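**Student:** I'd like to go over a predicted model; first the sequence, then the structure.
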Amino acid sequence: MRVVIICPAVRGAMGYHLQAIARHYPVAEELTLYVPATFHSKELPCRVVRYPISQRALSKSVAYLSWAWARRRFSEIRHLGVDVFHLFNSDGYLSSWFWARWVRCELRKPFIVSVHDPEPHPGSWMNLVFHWIGRQTQRQASHVHIFSDYFVPRMRAFGIPMERLFVIPLCTDISNFTRHMQSGVAREPLVLFFGRMEAYKGLPVLVEAAEQLEGKLRFALAGPGRLPRSLKQRILAKPHLFELYNYFVPEPEVARLFQRASVCVMPYTQATQSSVPWIAAAFGVPVVATATGGIESQVRQINGVIVPPNDSRALAQGILEAMGREVRLPEEWHPTVVARQYRAMYQRVHAEGCL
């Protein structure tokens, strides 16, 4: 059995998850990663094939929408001579729909689609477009993989039968961060938000909660993305309360922030799942999060605190409750355990063939 994981999105959480699976996959010679040239990682035990893609957002978007570009990449994929095709996330690209259809119709091989966001994130009309394309890609696939039991009813309502559906949790290679830990970094009364700053992340609610706790705690917001101007000005106006790192934060800096933090906060108003609880647990940082999507289950597994979304007072109280809370890192989150589940999925799909 030979498997190719096609992974157009390799930066941030998806890149760390892909690395974790590749490093811990039980039979490395079975696995090929087909990734953009922008994928950077230390040497992996499996085969890695990189395809050319522009780093410019507009050019990259045009490529993923192009039939001709998708066909060139498909020609490369089919010559890998594999038995199982796995599209890892990025099901909302038009090229992904083409690949799923061509594998099914021309190669008659199994095609698995991993769906990171069964529900579209609010705040952007493009998310709705990508979600619609993603649903068409899922229809073309022989099997669908999701990361949380929370979304099983959603996928079944969409028409994906249980025999075509796999649930394997997200994991991340936390060594990318923990290897940068430094001695002598003391815990501070610091609350950390880490991740891309998007409309659905609940940052206005977090700022309100922070202002309620002014004088007790400081707050660090770290990650790329565009903040609304009024919210950014509100944050910058209080340097005694906020630290803002509004860029893609390098791993050593991420490690230092988690070593300093006493609480990690996830005030999302809508969510699917996240790698942040893994990273926080690895650094022994308790998490407070809102009851949204699959994140609620993740945070409960590490003994975190759950509060209702869009409630700044409840969030402030939850942050205080999380201070000093014991953190658990579940054994089932270990990349070795998750990678074995991937191989079991591939073996079953290979035996069933193209449904």
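**Tutor:** Nice, I can see it.
**Student:** going forward, measure contacts and count neighbours with C-alpha atoms only.
**Tutor:** Fine.
**Student:** show me where the stretch 201-350 of the chain has strands.
**Tutor:** Counting by DSSP state E, counting those that start in this stretch, the stretch 201-350 of the chain has strands at residues 218-222, 242-245, 263-266, 287-290, 305-307.
**Student:** What are the boundaries of the helices in this protein?
**Tutor:** Secondary structure of the chain (DSSP state H): helices located at 13-24, 57-65, 67-78, 94-102, 125-140, 152-157, 175-178, 203-212, 229-236, 251-260, 276-282, 295-301, 312-322, 335-352.
**Student:** So for the fifth one, what gets flagged as buried?
**Tutor:** Just to be clear, that refers to helix 125-140. 127, 128, 130, 131, 133, 134, 135, 136, 137, 138, 139, 140 (16 or more other CA atoms under 10 Å).
**Student:** One more: stretch 329-343?
**Tutor:** So stretch 329-343, judged by 16+ other CA under 10 Å, has buried residues 329, 333, 334, 335, 336, 337, 338, 339, 340, 341, 342, 343.
**Student:** show me the contacts for the first one.
**Tutor:** Contacts for residue 329 were tallied using CA atoms under 8 Å, 6 or more residues apart in numbering; they are 278, 281, 282, 301, 302.
**Student:** Return a selection command, for use in PyMOL, containing the buried ones of those residues.
**Tutor:** Buried members of those, defined by 16+ other CA under 10 Å, are picked up in PyMOL with:
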select buried, resi 278+281+282+302
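**Student:** Now render the contacts of residue 329 as JSON lines, adding distance to residue 91 and pLDDT.
**Tutor:** Below are those laid out as JSON lines (distance: CA to CA, whole Å; pLDDT from 0 to 100):
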{"residue": "278", "distance to residue 91": "24", "pLDDT": "89"}
{"residue": "281", "distance to residue 91": "29", "pLDDT": "93"}
{"residue": "282", "distance to residue 91": "30", "pLDDT": "92"}
{"residue": "301", "distance to residue 91": "28", "pLDDT": "92"}
{"residue": "302", "distance to residue 91": "30", "pLDDT": "94"}
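**Student:** okay, and for the chain, where does confidence drop off?
**Tutor:** With pLDDT under 70 as the threshold, the chain has low-confidence stretches at 12, 123, 354-355.
**Student:** Quick check, central residue of it?
**Tutor:** residue 13 (4.2 Å; CA atoms, centre = their mean).
**Student:** From residue 323, how far out is that residue?
**Tutor:** Applying CA to CA, to the nearest Å, the value for residue 13 to residue 323 is 26 Å.
**Student:** Which residue of the protein lies farthest from its centroid?
**Tutor:** Farthest-from-centroid check, the chain (CA atoms, centre = their mean): residue 215, 33.6 Å.
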